[in-house]
Each structure stands twice: as structure tokens, then as C-alpha cells.
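Q: Need a 3D model of the sequence below.
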Amino acid sequence: MCAAILHDTVEDTETSYDELVATFGLKIADIVMEVTDDKSLHWTERKEAQVNHAPHISREAKLVKLADKICNLRDMLACPPANWKIERRVAYFHWAARVVEGMRGTNASMETIFDALFSQHEGMT
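A: Numbering: from 1, shown residues only. This is a model prediction of the structure:
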């Protein structure tokens with residue numbers, strides 16, 4: 001749970017890996033780092049890196065990433081960003097599906113929830 005709550009901390013704040021280790025321990029910090037994007041990359045490269053990296057992260061990190069993608073799809077369906085055109089929202093759904101595809105077999109229940117949300121994107125157009 002801690003890693004899930006902290007999953008965007010390094011990306012979105014000035015918090016360092018060492019601070020995470022000192023406060024939450026090595027295991028939590030390592031999971032957070034597994035799901036942290038490399039902000040030195042252009043956003044398109046970061047998104048592609050997630051697709052390529054997802055199959056190789058720990059089971060714990062995959063659970064965090066699955067939960068994040070589920071939450072993001074729910075948000076996108078319920079209250080999409082006002083400045084995102086429909087094409088961008090649909091593209092997000094397809095990109096998220098590519099990330100999740102590399103983590104299949106991690107948690108059947110979460111994958112079923114993701115799939116149900118993904119199927120709803122067709123109603124967005």
C-alpha cells in the first residue's frame with residue numbers, strides 16, 4: 001500500500017530515493033523506483049519505456065502499476081482532462097493496454113477490472 005500511495009513521488013516532487021529509503025525502507029523505495037519514469041526522456045520515450053519495462057519489474061511493482069492504470073482509466077472515463085481531445089484519450093487507453101499486456105498473469109482480478117474499463121473506451125467516441 002505504501003508503494004502504491006508513493007508511486008509518483010519521485011516523478012512529481014523533489015523527493016529522492018535516499019529519502020524514501022530513510023523514511024519507508026528499502027523494499028518500498030525499490031518498488032517506487034521500479035514504477036518511476038525517467039523524466040530525462042521525452043514524454044513519448046517515457047511512455048514507450050513503460051511498455052518495454054513493465055514485463056521485467058517485480059510482482060509488487062506490477063501490482064502498483066496495474067492499480068495505477070485502473071485508476072487512470074476510471075478517471076479518464078469519469079472526468080477526462082478538459083484539454084484532451086477524444087483522440088488523445090483513446091490513444092491513452094490503447095497505450096495503457098500495451099503496458100498491461102506485458103504484465104498479464106500478475107493478478108487476474110485486477111486484469112479483469114482493467115479489461116472491463118478498457119472496453120468502455122469505445123463509448124467515448
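Q: which residues of this structure score low on pLDDT?
A: 125 (pLDDT under 70).
Q: Apply 80 and report the result again.
A: 123-125 (pLDDT under 80).
Q: any idea which helix is longest in it?
A: helix 59-78 (DSSP state H).
Q: name the helices or strands packed onto the next helix or strand after that one?
A: Using DSSP states H and E, the helix or strand that follows helix 59-78 in sequence is helix 86-101. Under the contact definition 3 or more CB pairs under 8 Å, 6 or more residues apart in numbering; DSSP states H and E, helix 86-101 sits against helix 43-53, helix 59-78, helix 108-119. Quick note: C-beta positions are derived from backbone N, CA and C, even for glycine.
Q: what comes up buried for the longest one?
A: Meaning helix 59-78. By neighbour count with 16 or more other CB atoms under 10 Å, helix 59-78 contains the buried residues 60-70, 73, 76-77.
Q: Who are the packing partners of that helix?
A: Taking 3+ CB pairs under 8 Å, 6+ apart as the contact cut, helix 59-78 packs with helix 2-6, helix 26-34, helix 86-101, helix 108-119.
Q: Out of those, the one nearest Ala49 is which?
A: Ala49 sits nearest to helix 86-101 of all the helices and strands packed on helix 59-78, at 10.2 Å, using CB to CB.
Q: how far is the closest one from where the chain is centred?
A: For helix 86-101, the separation from the chain centroid amounts to 11 Å (computed by CA atoms, centre = their mean, to the nearest Å).
Q: And for stretch 25-39?
A: 12 Å.
Q: just stretch 59-79 next, same as before
A: With CA atoms, centre = their mean, you get 6 Å for stretch 59-79.
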